[in-house]
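Student: sequence and predicted structure below; questions after.
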Amino acid sequence: MKNRTIIKRQKLDNAGATSGEANDPKGQNRDIKITVKFLARSIPVTLSQDLMIRDLKSLLQPLTDLHPRSQKLICKGRVLLDTMTLRASEVPNGAKVLLIIASQGLMKPQLPVTKTMLEHWKASGVVALSEGNYETIPGMVWACGPSARVLVLMNNNIREVPAQLGFLSSLQKLFLNANALFDESISWEALVSLKNLKVLSLDQNYLTTLPSALGTVTSLRELHVANNRLTSLPIEIGLLTQLQVLGVNNNRISIIPACVGNCNSLIEVNLSSNLLSELPETFGNLRDLKVLHISNNGLKSLPSTLFKMCLQLSTLDLDNTEITMDLLRQFEGWESFDERRRLKHSKQLDFRILSSAKVDEGDEGDEVVAVLVTAIVAFCWDKYAAKAYIKYPAGWFSLS
């Protein structure tokens, strides 16, 4: 029976098949059955269509001894993406899903932490423990105390950030990307006690909310919480007046609080792949904003003063929204933004040409060739921009 192990997953959102069918005659919320093929094994799975692919990988981990990062799931010739659901991935009932080893394969033991490492951490101020297969933060980390300035724990399987985090009172950068952290897994009281913290990165975890106390960490310059399950941002985020980079893409956020306009140091904001239908008018207060990513949302318009007031804005990603070129041209300040955007990418193009030409001053033939290359590339650039201008507005906004 080992080769026919069944994952007992279901008690997610549906009380049972009978009541589910009664409330959902079209079967939109009904569980599906799939078969995961791994080596010579067949693993039957019954699960919700709204389950994330990365959650499926977590369920498969104890059955395959493969860490989720080492799993690649393929259905109908397509690789299933961690950030999508089974429904969005178009995995039907009865589907066969192939599981292959994506990277390092079978799980490794945790990397040992030695006294030599501790001495190095204290001397350098940098504690680096990425990809060590840790489920808990090694206790020796806390012995660094105020010597630690940077703590990097990315790509592990850490399930808890304990109160001992407060021992690292001088910490400036904390990277906890790609772990197994939930809301209750983090001692937020300890985290917000880090008054020197400038960079907080919690990308690719399982967070659904951020605490209001986060607004007390006024030293923050960068906040990264992409690829979680956030449905909102706390209004206290407006207290982070020194925040320069905000990354909350790939979540489930439907409303951005107006107080984000108080974060007047923001330079780059990424809100892509959420559930937004509008942005607050207070975005016009972000005078230092240079980069705004809002692709893959249900947006139909922009804040009326965005182009007029955000005079540093030069990159705007609108891919897969309902905002049209005709609408953009109606905004006050559009012409100035368009000029900045073209100037920025023109400079990037000139740099690439000059870097590749390498013309010798005494070689007239090479110089002629370089001039011709410049002219041809410039012509192609204009043609491409013109095409994108009409058909793919987001494409030329986000060119780099």
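Tutor: Sure thing, it's come through. It should be emphasised that the depicted structure is a prediction, and the values quoted were computed from it without experimental measurement.
Student: for this structure, which residues score under the pLDDT cut-off?
Tutor: For the chain, the stretches with pLDDT under 70 are 1-29, 102-111, 347-400.
Student: tell me, what residue is most central in it?
Tutor: With distances taken as C-alpha atoms, centre = their mean, Ala226 lies nearest the centre of the chain, 3.4 Å away.
Student: next up, the contacts around that residue.
Tutor: Applying C-beta atoms under 8 Å, 6 or more residues apart in numbering to Ala226 gives the contacts Asp203, Gln204, Gly247, Val248, Asn249, Asn250, Asn251, Asn270. Placement of C-beta: from N, CA and C, glycine included.
Student: repeat the analysis, applying 6 Å as the threshold.
Tutor: Ala226 sits next to Asp203, Gly247, Asn249, Asn250 when contact means C-beta atoms under 6 Å, 6 or more residues apart in numbering.
Student: you'd agree the third one is up against Asn274?
Tutor: In this case it means Asn249. No - counting by C-beta atoms under 6 Å, Asn249 does not reach Asn274; the two are 7.1 Å apart.
Student: ok, back up a step: list phi and psi for the residue nearest to the centre of the chain.
Tutor: Per-residue torsions, Ala226: phi -70, psi 160 (degrees, to the nearest 10).
Student: distance of it relative to Gln204?
Tutor: The spacing between Ala226 and Gln204, counted by C-beta to C-beta, to the nearest Å, is 7 Å.
Student: just the strands in the stretch 251-400 of the chain please.
Tutor: According to DSSP state E, counting those that start in this stretch, the stretch 251-400 of the chain carries its strands in the segments 268-270, 291-293, 315-317.
Student: for the stretch 51-200 of the chain, same thing?
Tutor: For the stretch 51-200 of the chain, strands defined by DSSP E, counting those that start in this stretch occupy the ranges 71-75, 78-79, 96-101, 126-128, 150-152, 173-175, 199-201.
Student: what is the neighbour count of Pro44?
Tutor: Neighbours of Pro44 under the rule other C-beta atoms under 10 Å: 12.
Student: want to throw the contacts of Ala226 into a markdown table with neighbour count, distance to Leu194 and secondary structure?
Tutor: Below are the contacts of Ala226 laid out as a markdown table (neighbours: other C-beta atoms under 10 Å; distance: C-beta to C-beta, whole Å; DSSP: H, G, I helix; E, B strand; the rest coil):
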| residue | neighbour count | distance to Leu194 | secondary structure |
| --- | --- | --- | --- |
| Asp203 | 20 | 18 | coil |
| Gly247 | 20 | 19 | strand |
| Asn249 | 24 | 24 | coil |
| Asn250 | 23 | 26 | coil |
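Student: just checking, Gly284 touches Leu311?
Tutor: No - in this structure, Gly284 is not within contact of Leu311 by C-beta under 6 Å, at 10.6 Å.
Student: these two: which is more packed in?
Tutor: Between Gly284 and Leu311, Gly284 has the larger neighbour count (other C-beta under 10 Å), namely 20 against 14.
Student: for that one, give its distance to Lys308.
Tutor: 7 Å.
Student: can you give me phi and psi for the residue nearest to Tyr206 when sequence neighbours are not counted?
Tutor: In space, and not counting its chain neighbours, Tyr206 is closest to Phe182: 4.8 Å by C-beta to C-beta, 6 or more residues apart in numbering. Note on Phe182: its backbone torsions stand at phi -110, psi 170 [degrees, to the nearest 10].
Student: from what I see, Phe182 and Thr208 are in contact.
Tutor: No - using C-beta under 6 Å, Phe182 makes no contact with Thr208, being 7.9 Å away.
Student: so which bits of stretch 128-140 are buried?
Tutor: Along stretch 128-140, these residues count as buried under the neighbour rule (16 or more other C-beta atoms under 10 Å): Ala128, Leu129, Glu131, Gly132, Tyr134, Ile137, Pro138.
Student: could you measure from the closest residue to the last one other than its chain neighbours over to Ile34?
Tutor: Yep, that's Pro138 we're talking about. Computed as C-beta to C-beta, 6+ apart, the closest residue to Pro138 that is not its neighbour in sequence is Val113, at 4.4 Å. Per C-beta to C-beta, Val113 is found 40 Å from Ile34.
Student: quick one, helices of the stretch 51-200 of the chain?
Tutor: Assigned by DSSP state H, counting those that start in this stretch, the stretch 51-200 of the chain shows helices spanning 53-64, 115-124, 188-191.
Student: between the strands of the stretch 251-400 of the chain, which one is closest to Ile255.
Tutor: Ranking these by proximity to Ile255 (C-beta to C-beta) places strand 268-270 first, at 15.0 Å.
Student: what are the pairing partners of that closest one, and which direction each?
Tutor: In the sheet, strand 268-270 lines up against strand 245-247 (parallel), strand 291-293 (parallel) (DSSP bridges).
Student: possible to save these as a markdown table with distance to Met325?
Tutor: Formatted as a markdown table, these follow (distance: least, C-beta to C-beta, whole Å):
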| stretch | distance to Met325 |
| --- | --- |
| strand 245-247 | 27 |
| strand 291-293 | 17 |
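Student: return the most buried member of those strands.
Tutor: Most buried of the strands paired with strand 268-270 by mean neighbour count (mean count of other C-beta atoms under 10 Å) is strand 291-293; its value is a mean of 22.
Student: residues in contact with that strand?
Tutor: For strand 291-293, the surrounding residues in contact (C-beta under 6 Å, 6+ apart) are Glu268, Val269, Asn270, Ser272, Thr315, Leu316, Asp317.
Student: could you single out the nearest of the residues you listed to Thr46?
Tutor: Of all the contacts of strand 291-293, Thr46 sits closest to Ser272, with 32.7 Å by C-beta to C-beta.
Student: tally of neighbours for that closest one?
Tutor: 23.
Student: same question, Ala143
Tutor: Using other C-beta under 10 Å, Ala143 has 16 other residues around it.
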